[in-house]
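>>> okay, sequence plus prediction incoming.
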Amino acid sequence: MLADPRLDKLAGLLVGYSVSLKPGEKVLIDVFDTPAEMTVALVRAARLAGGVPFVNINQARVSRELAREAGEEQYDLAAKHELARMKKMDAYIAIRGGLNIAEMSDVPDEKMKLVSKKMKPVLDHRVKKTRWCVLRWPTASMAQLAGMSTEQFEDFFFDVCSLDYSRMRPGMLALKALMETTDRVEIKAPGTDLRFSIKNIPAVTCGGSHNIPDGEVFTAPVRNSVQGHVTFNAPSVYQGVGFDDVRLEFKDGRIVHATSNQTEKLSKILDSDAGARYIGEFSLAFNPYILRPIRDILFDEKISGSFHFTPGQAYEQADNGNRSQIHWDLVSIQRPEYGGGAIHFDGKLIRADGLFIPKALRSLNPENLR
């Protein structure tokens, strides 16, 4: 890979804007199947900011082999080691590539559950106690899933990731304020009729500080308030398995029925623990450059005119009390070409066919962010 100035620009954005690394602070750079050139760019950017970089290099094929025969003692020790290191860090940047997004698909379910359970304290500390940012790395595999050439996808990737996220700030703050004064939410679309409350739960703006690409404001439903059903028209990959046409039915907050093209695997995931059948996040997304799903959740959950509804763990910043070892963002797109849809807050139309209606929120519509 030849020197590419886009790498230095992206590294500078991640270090200087996303995690705001200060002199003397320690940052863990956690890379998965990522070119050395990008890792080097991040190390240099961290040092330029006066920080102290640490690097962890992962390969998906190695991770798969470790997980296939995962044992309690092995992952108890691994989690203890990783947690001790994470507690020394002020910031965390992860670059996640993937030559094969289905690399983990043949790891036994009980082994995936064991690894997730044992490593959860590390994830919890990273999310709660560090300034963190997670980024996908463009690969031929991702380009293929997106239906693009490798070069075309790389150009798309750098356009999306180099967006001036500061332009989102006024609209995001207005949406946050609106969410935090809302009780009842109603969402209707083909295959979807959802009703729930978000009363007294904080809303969080996401404009490039934790995920790149970014562009969402999220909260969580009151845990037992969700009623109705939802169909997700964006495909999803979770634990290495592809899911299409996921449909969930709710009663008093709990998922009581679930179907997809992989209904048996879907049910196993939802039976991981008691919290897996409750929703931990509700989010509205508006990245103007991401218009269709590419089976990569860090992109797909930001699709313009979409919302996502997440079985599993709630974030501490928008906590409804739900606890789980899973957190699975499932996405529904409401732009006209995907069937349209409407979202009401306390009976007021907030978004129709993917476009925000109130004047204070219109700055989040695509034509005002590009």
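Thanks, I have it. Note that the structure is a prediction, hence the values are computed from the model and not measured.
>>> please make it C-alpha for all contacts and neighbour counts, starting now.
OK.
>>> report the contact partners of the closest residue to Arg323 other than its chain neighbours.
Spatially, and ignoring its direct neighbours in sequence, Arg323 is nearest to Gln313 (4.8 Å; C-alpha to C-alpha, 6 or more residues apart in numbering). Counting by C-alpha atoms under 8 Å, 6 or more residues apart in numbering, Gln313 touches 275-276, 279-281, 322-327.
>>> ok, these vs Cys206, which is closest?
Nearest to Cys206 among those, counting by C-alpha to C-alpha, is Glu281 at 13.3 Å.
>>> burial measure for the closest one, as a count.
26 (other C-alpha atoms under 10 Å).
>>> which residues sit in contact with it?
Contacts of Glu281 (C-alpha under 8 Å, 6+ apart): 218-221, 308-311, 313-315, 318.
>>> top of the residues you listed by neighbour count?
Going by other C-alpha under 10 Å, Pro221 tops the contacts of Glu281 with 31 neighbours.
>>> tell me how far that one lies from Gly341.
19 Å (C-alpha to C-alpha, to the nearest Å).
>>> for stretch 284-297, which outside residues touch it?
142, 145-146, 159-160, 213-218, 234-237, 299-308, 329, 364-367, 369-370.
>>> helix or strand for the closest residue in space to Pro53 that isn't next to it in sequence, which one?
Excluding the flanking residues, the one nearest Pro53 by C-alpha to C-alpha, 6+ apart is Val27, at 5.1 Å. In this assignment (DSSP states H and E), Val27 forms part of strand 26-32.
>>> report all helices and strands that that strand contacts.
Judged by 3 or more C-alpha pairs under 8 Å, 6 or more residues apart in numbering; DSSP states H and E, the packing partners of strand 26-32 are helix 36-48, strand 52-58, strand 91-96.
>>> tell me which of the ones you listed lies nearest to Thr192.
Counting by C-alpha to C-alpha, and looking across all of the helices and strands packed on strand 26-32, nearest comes strand 91-96 at 32.4 Å.
>>> just give me how far the closest one sits from the chain centre.
13 Å (C-alpha atoms, centre = their mean, to the nearest Å).
>>> cool, stretch 46-60 as well?
22 Å.
>>> so what touches it?
15-16, 21-33, 43, 98, 103-104.
>>> low-confidence ranges in the stretch 51-200 of the chain?
Within the stretch 51-200 of the chain, not a single segment meets pLDDT under 70.
>>> show me where it has its strands.
52-58, 91-96, 131-136, 184-189, 192-197 (DSSP state E, counting those that start in this stretch).
>>> for the third one, name the packing helices and strands.
Read it as strand 131-136. Secondary elements touching strand 131-136 (3+ C-alpha pairs under 8 Å, 6+ apart): strand 91-96, strand 211-212.
>>> the longest one vs strand 131-136, what angle?
Comparing the axes of strand 91-96 and strand 131-136 via axes from the mean of the first three to the mean of the last three C-alpha atoms, to 10 degrees yields an angle of 10 degrees.
>>> helices of this structure, start to end?
5-13, 36-48, 60-68, 72-86, 109-129, 140-146, 150-161, 169-179, 263-270, 297-300 (DSSP state H).
>>> make TSV out of the ones you listed and add distance to Gly191.
TSV is the format used below for the helices of the chain (distance: least, C-alpha to C-alpha, whole Å):
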stretch	distance to Gly191
helix 5-13	39
helix 36-48	42
helix 60-68	36
helix 72-86	41
helix 109-129	29
helix 140-146	25
helix 150-161	30
helix 169-179	24
helix 263-270	17
helix 297-300	19
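>>> looking at the ones you listed, which is buried most?
Comparing these by mean neighbour count (mean count of other C-alpha atoms under 10 Å), helix 297-300 comes out on top with a mean of 22.
>>> pLDDT of it, averaged?
In this model, helix 297-300 has an average pLDDT of 89.
>>> now that helix, how far from the chain's geometric center?
6 Å.
>>> can I get it in CSV? Just the C-alpha atoms.
These are the backbone C-alpha positions of helix 297-300, laid out as CSV (Å, rounded to 0.1, in the frame of the first residue of the first chain):
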residue,chain,number,x,y,z
ILE,A,297,-23.5,-2.2,11.2
LEU,A,298,-21.2,0.8,11.9
PHE,A,299,-22.3,2.1,8.5
ASP,A,300,-25.8,0.7,8.3
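>>> so Asp193 touches His229, yeah?
Yes. Counting by C-alpha atoms under 8 Å, Asp193 does reach His229; the two are 5.4 Å apart.
>>> and these two? Which one has more around it.
His229 (21 against 16).
>>> quick one: the spatially closest residue to Ser166 that is not a sequence neighbour from Ser304, how far?
Leaving aside its sequence neighbours, Ser166 sits nearest to Gly207 (C-alpha to C-alpha, 6+ apart; 7.1 Å). According to C-alpha to C-alpha, Gly207 stands 14 Å off from Ser304.
>>> ok, now which ones touch the residue most central in space within the chain?
Nearest to the geometric centre of the chain sits Leu298, at 4.6 Å (C-alpha atoms, centre = their mean). Leu298 makes contact with 135-136, 211-214 under the criterion C-alpha under 8 Å, 6+ apart.
>>> and those, which two are the farthest apart?
Arg136 and Asp214 (11.5 Å).
>>> these two: which has the busier surroundings?
Asp214 (27 against 23).
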